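>>> structure of the sequence below:
(chains A and B)
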Amino acid sequence: MKATAWMGTDSVKVIDVPDPKIMNARDAIVRISTTAICGSDLHLYHGYIPAMRKGDILGHEFMGEVVEVGPQVRNLAPGDRVVVPFPIACGHCSSCQRGLYSVCENSNPNAGIAEKIMGHSPAGIFGYSHLLGGYAGGQAEYARVPFADVGPVKVPDEISDDQAVMLADVFPTGYMGAEMCDIKPGQVIAVWGAGPVGLLAAASARLLGAERVIVIDRFPYRLRLAEEHIDAETINYEEVDVLDTLNEMTAGRGPDACIDAVGLEGHHGNAALYAYDRAKQAARVETERPFALRQAILACRSGGVVSVVGAYGGFVDKFPMGAFMNRSLVMRTGQCHVQRYTRPLLERIQRGEIDPSFIVSHRMPLRDAPKGYKIFQKKQDDCTKVLLKA
Amino acid sequence: MSRVDTVLLPELDGPVPATLPSALGLLSLALGVGALVAPGPLARLTGVDDSPAARSVLPAIGLRELGSGAGLLSGRRPAGWAWSRVAGDAMDLTLLGRALADRDGERRRRVALTTLAIAGITAVDVLAAVRVGRARRARARVIRMQIAVTVNRSPAEAYRFWRDMENLPRFMAHLESVRADDLRRSHWIARGPAGHRVEWDAEIIDDQPNKSITWRSLPGTRVPNAGRVRFVPAPGDRGTEVRVELRYAPPAGALGRAVAKLFGEEPEQQVRDDLRRFKQVLETGEVVRSEGSPNGISVRQQAMQRPAQPLPASRR
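Residues are numbered from 1 along each chain as shown, chains lettered A, B, ... in the order given. Predicted structure coming up:
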């Protein structure tokens, strides 16, 4: 089959690899119809995530048709149209049973490496380094889906591929980012990053009853999406000072909750501050560029919530712990426990409460994946989300 | 102290073999007293009564023998004292060699007989010293570990799976097979690199249903080992804390290196991985496999990941 493989920093290729086969009794094989490039795939593309190997198949957002199931999979049958959550979760460990699927205790066969870096191992993730399991990803014609009796969700015919594939990662991730803010009537929610996750976090904050939603980014075309589809207010951090503007907008209180939907490759309006963290990251003294996180902490109202759904991989410098502690802030975070959200969010789409596919800017065949990575990386052609059709 | 230390293994916990050193100690005492009390008759017996030096050398040798004898019989540092006897033997053989060259007739015959006797004793001394040293080193090599994992299953379920010893290779990566001979005894085969196999018989010496199992290897193995696993209800209704204690002594030499490789650079990491697989098998039904780690969790595999793409048909 054809598959998109990581070939080194800033390099992906569509290569021929063997077709996947059932390896565990609870596996299913899915023939992929639609798969997406995630912002976090760019962290891999840029070489910021450790333990990648040349030839690793990328992709953790995908959906398609079940073509084969292992002997222990009874809820799915060949022919079913399914969307697959990006975290691989067994459903039976104590974390899964508490709904914490992205920290499944069994799905990372390389848990030993992850423990050395993170203390304990999170779940395995499709196509996301050997640190997180060494699983082949879904930017391919077929994928093996472990624990298929737990993760994949059947998609009704009236839901389009473009809508359904949003349920693999970005919609649940954005939704969880908003849910962690514990939104109450009258509250103001600020979101750093107007990429797919940030836009869907802002949209979810609306669904969950936020009074005002403020989105912060530097690309006017992305901020325009926030204004047009979510009725959000926007701040371009290259044009104005974010903290001053937020204080002004909230009459000095600060947003009640701040969502970091940027993660480890942030940018900063101040060139000198950007250069400081960029240089440390290049020298591998620091693994992240946490501008959004620092700013979210400083901006947040005292006693408010900082919700982190942007991806981080390692260590952060100059964390404003003094502000965080003295102002009674709360931080909530986690890779999304997608399995918890797929069905309720599918129902919201069915009821017409939201169409998450408004973020999709590009659709192209799988063989054009390298081009998709390039334009997404360079933000060319007003790119927000690239779907690949196998 | 680990509870598994109370499981005695004859190879590691029995007394260091002491019969031979004690016998040699008594021989030393007898020779020492003889050389001090009756140097004249001893000199005649050994054929050196014509040497004026013998009269002063023999009591000195006697003193040396008394020292070695006392040391050996004291039981402390038996290896050191056994080697001191070997050194004494070497000295005696040197002196006898010179005496033999200077003599002829009846005296030469007696010196030759004495030399033969001492050479024989030297062989016995070397054997005793090597044996005592080996037993000491086996004790020094003993590896102990205590590792635990929490499994989201009841103590009864975890116990039941482990109690069927033939299940062990399903999660212990270094085991090729375990055959239960009866309710207590089992035969274990471990595989190592380059076709090395290590086999031993084990017996369950304490079995507390749903609580703990304690086993040890039977005498005669080259890898004496003992283990205990306890199944403790985890607080907060979170299943079972499976607590494993192991103690084993890898043999020296080529086999020892093979066993060391079997357990990897970090034996604790291997056992930790075994317990992770135990948890996977109990909670999910089998060992979880990925394209990068097609055989499931293993330290060696983690270091040598294949790319995350489907396996070629030849490797399935």
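>>> so what's B:Gly40 closest to, chain neighbours aside?
Nearest non-adjacent residue to B:Gly40, counting by Cβ to Cβ, 6 or more residues apart in numbering or on different chains: B:Asp49, 7.1 Å away. Yep, even glycine has a C-beta here, placed from its N, CA and C like the rest.
>>> how deep is the one you found tucked in, by neighbour count?
B:Asp49 sits with 16 neighbouring residues when counted by other Cβ atoms under 10 Å in any protein chain shown.
>>> what do you get for A:Arg343?
A:Arg343, neighbours per other Cβ under 10 Å, totals 11.
>>> residues contacting it?
Residues near A:Arg343 by Cβ atoms under 8 Å, 6 or more residues apart in numbering or on different chains: A:Val153.
>>> near chain B, which residues of the stretch 51-200 of chain A?
Where the stretch 51-200 of chain A comes near chain B, counting by Cβ under 8 Å from any Cβ of the partner chain, the residues are A:51, A:53-57, A:72, A:90, A:92-94, A:97, A:105-107, A:109-113, A:124, A:127, A:130, A:133-137, A:144, A:146-147.
>>> just the ones in helices from those residues, please.
A:Ser94, A:Gln97, A:Ala111, A:Gly112, A:Ile113 (DSSP state H).
>>> closest one of those to A:Leu264?
A:Ile113 (18.7 Å; Cβ to Cβ).
>>> buried ones among the residues of the stretch 51-200 of chain A next to chain B?
Buried subset of these (neighbour count, 16 or more other Cβ atoms under 10 Å in any protein chain shown): A:51, A:53, A:55-57, A:90, A:92-94, A:105-107, A:109-113, A:124, A:127, A:130, A:133-137, A:144, A:146-147.
>>> now B:Gly227, what's its secondary structure?
strand (DSSP: H, G, I helix; E, B strand; the rest coil).
>>> out of everything not next to it in sequence, what's closest to it?
Here the residue nearest B:Gly227, using Cβ to Cβ, 6+ apart, is B:Leu246, at 4.8 Å.
>>> contacting residues for the one you found?
With Cβ under 8 Å, 6+ apart, B:Leu246 has these contacts: B:Val4, B:Ile143, B:Arg144, B:Met145, B:Gln146, B:Asn225, B:Ala226, B:Gly227, B:Val271.
>>> so can I have a markdown table of those residues showing neighbour count?
Output for the contacts of B:Leu246, formatted as a markdown table (neighbours: other Cβ atoms under 10 Å in any protein chain shown):
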| residue | neighbour count |
| --- | --- |
| B:Val4 | 22 |
| B:Ile143 | 14 |
| B:Arg144 | 14 |
| B:Met145 | 17 |
| B:Gln146 | 15 |
| B:Asn225 | 23 |
| B:Ala226 | 23 |
| B:Gly227 | 19 |
| B:Val271 | 22 |
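>>> where does A:Leu387 fall, secondary structure wise?
strand A:386-389 (DSSP states H and E).
>>> A:Ile259 too?
With DSSP H and E as the criterion, A:Ile259 is inside strand A:257-260.
>>> find the closest residue to chain B in the stretch 1-150 of chain A.
Using Cβ to the nearest Cβ, the closest approach of the stretch 1-150 of chain A to chain B is made by A:Gly134 at 1.9 Å.
>>> phi, psi of that residue?
phi 70, psi 40 (degrees, to the nearest 10).
>>> and for B:Arg108?
The phi/psi pair for B:Arg108 (degrees, to the nearest 10) reads phi -60, psi -40.
>>> can you mark which positions in the strand holding A:Leu387 are buried?
In strand A:386-389, counting by 16+ other Cβ under 10 Å, buried: A:Val386, A:Leu387, A:Leu388.
>>> report the beta-bridge partners for the last one.
Going back to what we said before, that points to A:Leu388. A:Thr35, A:Met364 (DSSP bridges).
>>> list the buried residues in stretch A:304-322.
Those would be A:Gly304, A:Val305, A:Val306, A:Ser307, A:Val308, A:Val309, A:Gly310, A:Ala311, A:Tyr312, A:Gly313, A:Pro320, for stretch A:304-322 by 16+ other Cβ under 10 Å.
>>> between the buried residues of strand A:386-389, which is nearest B:Ala101?
Checking the buried residues of strand A:386-389 one by one against B:Ala101 (Cβ to Cβ), the nearest turns out to be A:Leu388, at 95.3 Å.
>>> pull up the gap between the closest one and chain B, please.
Separation of A:Leu388 from chain B (Cβ to the nearest Cβ, to the nearest Å): 17 Å.
>>> got the contact list for that residue?
Counted by Cβ under 8 Å, 6+ apart, A:Leu388 has contacts A:Thr4, A:Thr34, A:Thr35, A:Ala36, A:Ile37, A:Gln139, A:Met364, A:Pro365, A:Leu366, A:Asp368, A:Ala369, A:Gly372.
>>> which one of those residues is nearest to A:Thr173?
Checking those against A:Thr173 by Cβ to Cβ gives A:Ala36 as the nearest, at 12.3 Å.
>>> name the nearest residue to that closest one, ignoring sequence neighbours.
Nearest to A:Ala36 is A:Glu61, by Cβ to Cβ, 6+ apart, at 4.0 Å.
>>> output stretch B:33-47 as PDB - backbone C-alpha positions only.
Once non-C-alpha atoms are left out, stretch B:33-47 reads as follows in PDB (Å, rounded to 0.1, in the frame of the first residue of the first chain):
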ATOM      1  CA  VAL B  33      53.100 -30.800  66.000                       C
ATOM      2  CA  GLY B  34      55.200 -33.600  64.500                       C
ATOM      3  CA  ALA B  35      57.700 -31.100  63.100                       C
ATOM      4  CA  LEU B  36      58.000 -29.200  66.300                       C
ATOM      5  CA  VAL B  37      58.100 -32.200  68.800                       C
ATOM      6  CA  ALA B  38      60.100 -34.700  66.800                       C
ATOM      7  CA  PRO B  39      62.100 -32.900  64.000                       C
ATOM      8  CA  GLY B  40      64.800 -35.700  64.200                       C
ATOM      9  CA  PRO B  41      62.500 -38.700  63.400                       C
ATOM     10  CA  LEU B  42      60.700 -36.600  60.800                       C
ATOM     11  CA  ALA B  43      64.000 -35.700  59.100                       C
ATOM     12  CA  ARG B  44      65.000 -39.400  59.000                       C
ATOM     13  CA  LEU B  45      61.600 -40.400  57.600                       C
ATOM     14  CA  THR B  46      61.700 -37.800  54.800                       C
ATOM     15  CA  GLY B  47      65.400 -38.600  54.100                       C
END
